[in-house]
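Trainee: here you go, sequence then predicted model.
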Amino acid sequence: MANLAVEPRTVIISVQAVPRSNLASVEILHRIALDVVAGGATALRLAGVDVIAEVRKSVKATILGISKIERPGFKARITQSREEICKLAAAGAQIVGIDSTLRAHPEPLKELYKCARENQVEVLADIDNLPSARAAIDLGADYVATTMAGYTDSRPITAGPDFELLTHVIDLGKPTVLEGRVRGSGDVTRAFEIGAHAVVVGRSVTSPRDITEVLLRDSSSR
């Protein structure tokens, strides 16, 4: 475990922009990533080869890279081809995130994991339930993340992080990452107390729109 790119108890900051966001540009995401690293982040989750390549020029932080492509006939869209993995690795990602749910995939997951090993990058399996976590481990995932929990039909969406699933995946013995609806330091602390290897924090840090919406919603409900 000591040789993994992400060390235990790491907070990974996801610097991404939702579709149609005013932040959706390489330059802006690059600047946000620089600011996050200046704040102490040692690992980033980034989407898109152009963003990864630009950030890699400026920082030494560990980069977990993904691609997001809509494909007719497939709901899985996070890093679903060998070509994408090769490009992410070439751009400077040390880890690739792969949608490892048990839904249909345009290319076999086994081949994607094999490609990652050939490109000497680690695999973070974005899973949605315990069966997909077990399957990802069997394929050789280096980390298993709860990213897709609540976003497929296999589990209901939770108000906050899916700590129940996190606990069950940790019991499988693979470095487990909490991702999804992490909204503050309390969620991060709880995840580490349960035994998470790392925690991904995204919109609650890097999306002014989401931060503002939550603030206004919470203040109006009091």
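Mentor: Sure, I can see it.
Trainee: other SSEs contacting the helix or strand hosting residue 33?
Mentor: Element membership of residue 33, judged by DSSP states H and E, is helix 26-38. Where contact means 3 or more CB pairs under 8 Å, 6 or more residues apart in numbering; DSSP states H and E, helix 26-38 is packed against strand 10-15, strand 43-47, helix 49-56, helix 203-206. In this view, the C-beta of every residue, glycine as well, is placed from N, C-alpha and C.
Trainee: in its sheet, what does the second one sit against?
Mentor: Right, strand 43-47. Applying DSSP bridges, strand 43-47 is found paired with strand 10-15 (parallel), strand 62-66 (parallel).
Trainee: contacting residues around that strand?
Mentor: Residues outside strand 43-47 that contact it (CB atoms under 8 Å, 6 or more residues apart in numbering) are 5-6, 10-16, 29, 33, 36-37, 52, 55, 59, 61-68, 93, 97, 198, 200, 202.
Trainee: low pLDDT regions in this structure?
Mentor: 1-2 (pLDDT under 70).
Trainee: quick one: the strands in it?
Mentor: 10-15, 43-47, 62-66, 95-99, 122-126, 143-145, 176-178, 198-201 (DSSP state E).
Trainee: next, the angle helix 49-56 makes with the first one.
Mentor: In this case it means strand 10-15. Using axes from the mean of the first three to the mean of the last three CA atoms, to 10 degrees, the direction of strand 10-15 lies 130 degrees away from that of helix 49-56.
Trainee: just the third one next, same as before
Mentor: Taking the same axes, to 10 degrees, strand 62-66 and helix 49-56 form an angle of 170 degrees between their directions.
Trainee: pull the CA atoms of strand 62-66 into PDB?
Mentor: The C-alpha trace of strand 62-66 is given here as PDB (Å, rounded to 0.1, in the frame of the first residue of the first chain):
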ATOM      1  CA  THR A  62      -0.900  13.400  -7.900                       C
ATOM      2  CA  ILE A  63      -3.400  13.500 -10.700                       C
ATOM      3  CA  LEU A  64      -6.400  11.100 -11.000                       C
ATOM      4  CA  GLY A  65      -7.500  11.600 -14.600                       C
ATOM      5  CA  ILE A  66     -10.800  10.700 -16.200                       C
END
